[in-house]
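> Sequence and predicted model, in that order:
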Amino acid sequence: MKAIVRIILLVSFLPYFLLNLKAFGFFGGLGANPVEAITHDTGIWGIRFLILTLALTPLYHYSKQEVLRKLPKPIGLVAFFYVLNHFLCYAIIDQAGDLGVIVIDIIETPYLIVGWAGFLCLLAVGLASFNSFQEWFNKNRSTISGLVYTAAILGVWHFYWQEKVVSYEAVLDSVMMILLILWRLRISTEKSPS
């Protein structure tokens, strides 16, 4: 079981490895605007892994495959890795680490406010995964789950809002989030007493 989880985790870093190869000119490079390409790709993969994290619970619920029960936390940390890289690319490379410019940009740009809020939700979840927070984590599973859902919704909204045109990726991400939320609501109503 542990070997399967490790293989899945290694595969989850493949997009990051390919992005680094593109940065060194392989596979056609990063295009005319490399910073935008890196920011876009890390953001997209962050959203994809967040959605995958949330999809693992319903998949386990219906299949009872034990490996699916073991994956949400590690895949969630992979999602955090991509989102953190997305933010760092924006803050350090695009804005040259200028905190004043970053704060003004976030305040003046609505989709950045949404993205920042999603990042803070994920940051809280990421911190809760450290061993020193495990007792709190175990007592507050529903809060953690709510933060992951909130981060995913805000991430999709952030992506959808900043797109100049509606893309198939944004629509697909939105549909996936709606389906996951509906599943979560259905399960919650089944568990609640009538």
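On my side now, so go ahead. It should be emphasised that the depicted structure is a prediction, and the values quoted were computed from it without experimental measurement.

> OK, contacts around residue 4?
Residues in contact with residue 4 (C-beta atoms under 8 Å, 6 or more residues apart in numbering) are residue 67. No exception for glycine: its C-beta is placed from N, CA and C like everyone else's.

> what helix or strand does it sit in?
Secondary structure assignment for residue 4, by DSSP states H and E: helix 2-12.

> tell me what the following helix or strand past that helix is packed against?
Next along the chain after helix 2-12, taking DSSP H and E as the criterion, comes helix 14-23. With contacts taken as 3 or more C-beta pairs under 8 Å, 6 or more residues apart in numbering; DSSP states H and E, helix 14-23 sits against helix 34-63, helix 72-88.

> For residue 13, which of those is the nearest?
Ranking the helices and strands packed on helix 14-23 by proximity to residue 13 (C-beta to C-beta) places helix 72-88 first, at 7.2 Å.

> hang on, the earlier thing: same question for the helix holding residue 4, mean pLDDT?
Helix 2-12 carries an average pLDDT of 90.

> For that helix, list every residue counted as buried.
Residues residue 12 are the ones in helix 2-12 that count as buried (16 or more other C-beta atoms under 10 Å).

> just how off-centre is it within its chain?
Centroid displacement of helix 2-12 relative to its chain, using C-alpha atoms, centre = their mean, to the nearest Å, is 18 Å.

> tell me which helix or strand of the chain sits lowest on mean pLDDT?
None of the helices or strands of the chain scores lower by mean pLDDT, DSSP states H and E than helix 134-139, at a mean of 71.

> Export it to CSV, keeping only CA atoms.
Provided in CSV are the C-alpha atoms of helix 134-139 (Å, rounded to 0.1, in the frame of the first residue of the first chain):
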residue,chain,number,x,y,z
GLN,A,134,-2.3,16.4,14.7
GLU,A,135,-4.4,16.4,17.8
TRP,A,136,-6.2,19.6,16.7
PHE,A,137,-6.5,18.2,13.2
ASN,A,138,-8.2,15.0,14.4
LYS,A,139,-10.7,17.0,16.5
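
> downstream neighbour of it in the secondary structure list?
Where DSSP H and E defines the elements, the next helix or strand beyond helix 134-139 is helix 141-162.

> relative to helix 72-88, how tilted is that next one?
Going by axes from the mean of the first three to the mean of the last three C-alpha atoms, to 10 degrees, helix 141-162 is angled at 40 degrees with respect to helix 72-88.

> Now do helix 141-162: which elements does it pack against?
Contact partners of helix 141-162 among helices and strands, from 3+ C-beta pairs under 8 Å, 6+ apart: helix 34-63, helix 72-88, helix 110-128, helix 168-191.

> go with 10 Å
The contact analysis (3 or more C-beta pairs under 10 Å, 6 or more residues apart in numbering; DSSP states H and E) places helix 141-162 against helix 34-63, helix 72-88, helix 110-128, helix 134-139, helix 168-191.

> Nearest to residue 6, out of these?
Nearest of these (C-beta to C-beta): helix 72-88, 9.1 Å.

> can you pull the buried residues of that closest one?
The neighbour-count check on helix 72-88 (16+ other C-beta under 10 Å) flags 72, 74-87 as buried.
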